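Below are the sequence and a predicted model for it; my questions follow.
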Amino acid sequence: MSRLIKKSIPLPAGVTVSERNDSFIVKGPKGELAIKVMPGIVVTSKDGGVWVEQGKELANFAMLGTTWSLIKNAIEGVTDGFTKKLEIEGVGYRAALEGKELVMYLGYAQPVRVRVPDDVTAAVEKNTTILFLGTSKENVGQIAAKIRALKKPEPYKGKGIHYAGEVIRRKVGKKAGTTG
């Protein structure tokens, strides 16, 4: 059994939870999120917290901890929100925001254009830093990973797009004029 489901998820002030069909709805100051609950998993709200328990069906035993984490992330998302910060390194590499479209100049012949999902907010700081904000951890992480995959950091000069604080393992290049 998952060790996570032995404890409840505390509900902060201003957050309400409800059930609708096979979904668990979390509403808070930053928005609303719906988590699909698999059959055989019972999610209840009592004593100021949310409990995830196994139902009478034993079919989705492996999904207990996953459901607990999804609900915890949804509660955190509607109260505080999630952020991902990307940094662009390289001569001439830059980004700009045009409406809901992110335009990046990454050394290709044409600029790369990526549409930002409606539930995620993007901001560009100093042309080289991209900030994503949103209530869904999955959507914020997905758009950040998609942008990073456009130009992964290379190990020799570190050019490319990387997460803020990410350590890029550098390789030593060729040494000129050495004989063996």
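Good, I have the coordinates.

residues making contact with the lengthiest helix in the chain?
Of all segments of type helix in the chain, defined using DSSP state H, the longest is helix 64-79. Applying CB atoms under 8 Å, 6 or more residues apart in numbering, the external contacts of helix 64-79 come out as 1-5, 9, 11-12, 14-15, 24, 26-33, 35, 37-38, 41, 43, 50, 52, 54, 82, 134-138. Bear in mind the C-beta positions are built from the backbone N, C-alpha and C, glycine included.

Then stretch 14-28?
Taking CB under 8 Å, 6+ apart as the rule, stretch 14-28 contacts 11-12, 29, 32-37, 39, 43, 45, 50, 71, 74-75, 77-79.

Quick one: buried ones out of the residues you listed?
11, 33, 35, 37, 43, 45, 50, 71, 74-75, 77-79 (16 or more other CB atoms under 10 Å).

what distance separates the longest helix of the chain from the middle of the whole chain?
Distance, stretch centre to chain centre, for helix 64-79: 13 Å (CA atoms, centre = their mean, to the nearest Å).

How about stretch 76-94?
With CA atoms, centre = their mean, you get 10 Å for stretch 76-94.

Pull out the buried residues from it.
So for stretch 76-94, counting by 16+ other CB under 10 Å, buried means 76-79, 81-82, 84-90, 93.

Equivalent analysis for stretch 47-62, please.
50-52, 54, 60.

what two of those have the greatest distance between them?
Val50 and Asn60 (17.4 Å; CB to CB).

Contact partners for the residue nearest to the spatial centre of the chain?
With distances taken as CA atoms, centre = their mean, Gly141 lies nearest the centre of the chain, 2.4 Å away. Counting by CB under 8 Å, 6+ apart, Gly141 touches 82, 84.

Mind jotting down where the helices sit in the chain?
Counting by DSSP H, the helices of the chain are 64-79, 137-148.

Of those helices, which stretch is the most buried?
Counting by mean count of other CB atoms under 10 Å, helix 64-79 has the highest mean neighbour count of the helices of the chain, with a mean of 20.

No further queries at this time; thank you.
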